[in-house]
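Predicted model, plus sequence, below.
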Amino acid sequence: MLDQKQQSNTFEERAETIKQGGAPKYHEQNKAKGKLFVRDRLALLFDNGEYVEDALFANCEQTGLPADGVITATGKIHGRTACVMANDSTVKAGSWGARTVEKILRIQETAEKLRVPLLYLVDSAGARITDQVEMFPGRRGAGRIFYNQVKLSGKVPQVCLLFGPSAAGGAYIPAFCDIVMMVEGNASMYLGSPRMAEMVIGEKVTLEEMGGARMHCSVSGCGDVLCKTEEDAITQARQYISYFPNNYLEKTPLVTPQEPKQFEKTLEQIIPENQNAPFNMKDLINRVIDEGSFYEVKKLFAQELITGLARIDGKPVGIIANQPRMKGGVLFHDSADKAAKFINLCDAYHIPLLFLADVPGFMIGTKVERAGIIRHGAKMISAMSEATVPKISIVVRKAYGAGLYAMAGPAFEPDCCLALPTASIAVMGPEAAVNAVYANKIAALPEEERDSFIAEKREEYKKDIDIYHLASEMVIDGIVHPNNLREELKGRFEMYMSKYQVFTDRKHPVYPV
């Protein structure tokens, strides 16, 4: 029988052994890949590296399974409480056993009870096949993790930092999160590995092609932020959390306002007079937001549309902006999908929305029709319509066709729809409109008369869609000088903070997806 001091020493020794994780060779393998030990990740994530850990001794009666390969902990990020689940890839490659799953379920339940953000630090080979009866099919099995994620969605922020693989069913952890940071070179997610794909369907493919970080951040859209290193991913996660309340019942956190960066050219000077000339919409964004506050989401995916978080006068806003430099700012199925999720994210946590429209419309053609552009476009318009947070729509240059609708046009009850003096709103642009209306007449004219006729009709059309005419008809709520846009946004978002709206009385819509 051990005395009290011996028992204490035994406890300390066993606890310290567990905290070391797996065998040294696995630590060395991770180090060679540029991967941090899981406890070092937590030390960087939490303020002062401090946290309280649950179930350290889970599965301690089994050898070689310290903490059963996962750490569940609660600590502070920017002084606010947050919960974390973190795989330890030095223990059975971070795979899931029965206690692993139970620990994850319990930290999810803790986050729900405390109403605080939940971060998933994922680096896992998936389920342990040897434990499948205990961890896979039952009521407290792995499927319950995803059930809980759906239940938590929109209640507390859920953030995934993907440091290594997230394989098979485990790939749904990032899929159900609000945002996914992926470390280039190490992070991957896939339902079937390259080896399985070759065996089952005869496809030979590399890991990067199948589910690598860059592929998911630029092609599939499953990844949101591509990170160079693990330290970068942790910094990104801490920054992202700073825009959000702890839960859907709280207001967004405010910070000390910062004036925008000073540029040589004013906003008025950077917007081309030619409606079709490309310009970088980010140059406009940086002139109206607080300096250094822009946090872009899905930067590499569907680049014809910009989505990101920012601050105006110290208050968080979500920005949805067409990017004329990429594909002319035309909306595609992927950009509509990108917008819909971002709008839902901001609306869930009371983050006001700013739409910056410079859009020729939605893309046409057989390729996009077969990709479901109507369905995806409807998804974007549905999300925008349902959002009850303050919404401001700014027509920067053009808003044509259903592009006007998707960018919170007047019919969709934005709190205001404003335009710059450069703006025009129409079913289509002058070139397309004249061709549509007068195609037969133009074809019948002598060749030497066609150019002058087309020019005359385009000028007539431009007068009909003149922005002052639309302001006179109260289609828009006002015209704003570009150089005054920031002050206009500051004042309006401040006034709209008390907005309360119930979109409709129902259980939920039948989504167009």
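Perfect, I can see it now.

Can you list the residue ranges for helices in the stretch 251-400 of the chain?
267-270, 281-288, 333-348, 366-370, 373-386 (DSSP state H, counting those that start in this stretch).

pLDDT at residue 303, what is it?
Predicted confidence (pLDDT) for residue 303: 99.

From residue 304, how far out is the nearest residue to it once chain neighbours are set aside?
Leaving aside its chain neighbours, residue 303 sits nearest to residue 326 (4.4 Å; criterion: C-beta to C-beta, 6 or more residues apart in numbering). From N, CA and C alone the C-beta is placed, and that goes for glycine too. Distance of residue 326 to residue 304, given as C-beta to C-beta, to the nearest Å: 4 Å.

and the residue nearest to residue 303, backbone torsions?
In terms of degrees, to the nearest 10, the main-chain angles of residue 326 are phi -120, psi 110.

wait, isn't it in contact with residue 300?
No - with contact defined as C-beta atoms under 8 Å, residue 326 does not count as touching residue 300 (11.2 Å).

Name the residues contacting each of these two.
Common contacts of residue 326 and residue 300 (C-beta atoms under 8 Å, 6 or more residues apart in numbering): none found.

quick one: residue 178 from residue 286, how far?
For residue 178, the distance to residue 286 - C-beta to C-beta - is 25 Å.

Which residue of these two possesses the greater neighbour count?
residue 178 (24 against 19; other C-beta atoms under 10 Å).

Give me the spatial nearest neighbour of that one, chain neighbours excluded.
residue 158 (5.2 Å).

and what of residue 263?
Spatial nearest neighbour of residue 263, chain neighbours left out: residue 287 (6.5 Å); criterion: C-beta to C-beta, 6+ apart.

Let me see the contact set for that neighbour.
With C-beta under 8 Å, 6+ apart, residue 287 has these contacts: 260, 263, 266-267, 270, 485-486.

what does residue 437 give?
residue 457.

name the element it belongs to?
helix 430-444 (DSSP states H and E).

residue contacts, residue 210?
Residue 210 neighbours (C-beta under 8 Å, 6+ apart): 188, 190, 192-194, 197.

Can you mark which positions in whichever strand or helix holds it are buried?
Using DSSP H and E, residue 210 maps to helix 207-211. Residues of helix 207-211 classed as buried by neighbour count (16 or more other C-beta atoms under 10 Å): 210-211.

cool, and stretch 442-460?
Applying a neighbour-count criterion of 16+ other C-beta under 10 Å, one finds 442, 454, 457-458 buried in stretch 442-460.

swap in stretch 24-31?
By 16+ other C-beta under 10 Å, the buried positions in stretch 24-31 come out as 26-27, 30.

How far away from the center of its chain is that stretch?
Chain-centre distance of stretch 24-31: 33 Å, with C-alpha atoms, centre = their mean, to the nearest Å.

What mean pLDDT does that stretch get?
pLDDT averaged over stretch 24-31 gives 97.

contacting residues around it?
Residues from elsewhere that reach stretch 24-31 (C-beta under 8 Å, 6+ apart): 21, 36-37, 89-91.

and residue 323, what does it touch?
By C-beta under 8 Å, 6+ apart, the neighbours of residue 323 are 280-282, 303-306, 329.

one more time with 7 Å, if that's ok
The contact partners of residue 323, taken as C-beta atoms under 7 Å, 6 or more residues apart in numbering, are 281, 303-306, 329.

Of those residues - the most surrounded one?
Result: residue 305 is most packed of these (other C-beta under 10 Å), 29 neighbours.

Any idea what that one is bridged to?
Beta bridges link residue 305 to residue 322 when assigned by DSSP bridges.

Distance check, it against residue 372.
Applying C-beta to C-beta to residue 305 and residue 372 gives a distance of 17 Å.

ditto for residue 297
22 Å.

Which one's more surrounded, the two?
Shown here are residue 297 and residue 372; by other C-beta under 10 Å, residue 297 has more neighbours (20 against 16).

unless I'm mixing things up, that one is touching residue 306, no?
No - assessed by C-beta atoms under 7 Å, residue 297 is found out of contact with residue 306, at 9.1 Å.

correct me, but residue 442 touches residue 450?
Yes - under the criterion of C-beta under 7 Å, residue 442 makes contact with residue 450 at 5.7 Å.

Could you identify which of the contacts of residue 210 has the most neighbours?
Scoring these on neighbours with other C-beta under 10 Å, the highest-scoring entry is residue 188 at 24 neighbours.

Next, the contact list for that residue, please.
165, 207, 211-213.

for it, which residues make a bridge with it?
Counting by DSSP bridges, the residues bridging with residue 188 are residue 165, residue 212.

How about residue 127?
According to DSSP bridges, beta-bridge pairing links residue 127 with residue 96.

change the start of the numbering to 4 and stick with it
Taking 4 as the first residue, the last one we looked at is residue 130.

In this protein, where is pLDDT below threshold?
Low-confidence segments of the chain (pLDDT under 70): 4.

can you list the domains in it?
Domain assignment for the chain by automatic domain parsing gives 18-244, 270-432+468-501.

and stretch 208-222, C-alpha only, in CSV?
These are the backbone C-alpha positions of stretch 208-222, laid out as CSV (Å, rounded to 0.1, in the frame of the first residue of the first chain):
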residue,chain,number,x,y,z
VAL,A,208,-3.9,10.4,-57.9
THR,A,209,-1.6,12.1,-55.5
LEU,A,210,-2.6,13.2,-52.0
GLU,A,211,-2.5,16.8,-52.9
GLU,A,212,-4.7,16.2,-56.0
MET,A,213,-7.1,14.2,-53.9
GLY,A,214,-7.4,16.4,-50.9
GLY,A,215,-4.5,18.7,-50.3
ALA,A,216,-4.7,22.1,-48.7
ARG,A,217,-4.2,24.2,-51.8
MET,A,218,-6.7,22.1,-53.8
HIS,A,219,-9.4,22.5,-51.2
CYS,A,220,-8.7,26.2,-50.7
SER,A,221,-8.7,27.0,-54.4
VAL,A,222,-10.8,24.4,-56.2
